[in-house]
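Engineer: build the 3D model from these lines:
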Amino acid sequence: MNELIRNLLKLQSLEFSKTAQDSEKEIEALRALVPPPILGHYDRLRARAKKGVSAVRNQVCTGCHVQVPRAVEINIMHGEDIQICENCGRYLYLPDASEPELPEVQPSGKAGVKTRRRPKAVAVA
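Structural biologist: Predicted coordinates for the structure are as follows:
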């Protein structure tokens, strides 16, 4: 993973954690490592209470759940340049293989199948 994205991820986790006041020095140190144009874009997203960095899983941005073009995913794999989601504007990264995957949900047979009841027959005298 690109070192710049790694720094942005650390910054994001510190800023969105509940103990953000305790880690002001660490936040300032990380902000110094990120170039101003990238930090400006990140801060615009943060001002809207959005996370600035999002993972790509199964070729889908986890921030907006829109499919990412295959070429963008390949560029992220090579790590030559940082990529931005075309839909939500978040910086994209591929999670390491060591990160835990979300558990897959197994369908449970007849979920959601409803039976109809017949109306009661009324006897006419």
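
Engineer: and S54, helix, strand or coil?
Structural biologist: Of the three states, S54 takes strand according to DSSP: H, G, I helix; E, B strand; the rest coil.

Engineer: give the buried residues for the longest helix along the chain.
Structural biologist: Ranked by residue count and defined by DSSP state H, the top helix of the chain is helix 3-16. Across helix 3-16, burial judged by 16 or more other Cβ atoms under 10 Å covers L4, I5, N7, L8, L9, K10, L11, Q12, L14, E15. Just so you know, the C-beta spots here come from the backbone N, C-alpha and C atoms, and that holds for glycine as well.

Engineer: next one: stretch 60-76
Structural biologist: With burial defined by 16+ other Cβ under 10 Å, the residues of stretch 60-76 counted as buried are C61, T62, G63, V68, V72, E73, I76.

Engineer: outside of it, which residues touch it?
Structural biologist: Stretch 60-76 is touched from outside by 50-51, 54-56, 59, 81, 83, 85-88, 90, 92-94, with contacts defined as Cβ atoms under 8 Å, 6 or more residues apart in numbering.
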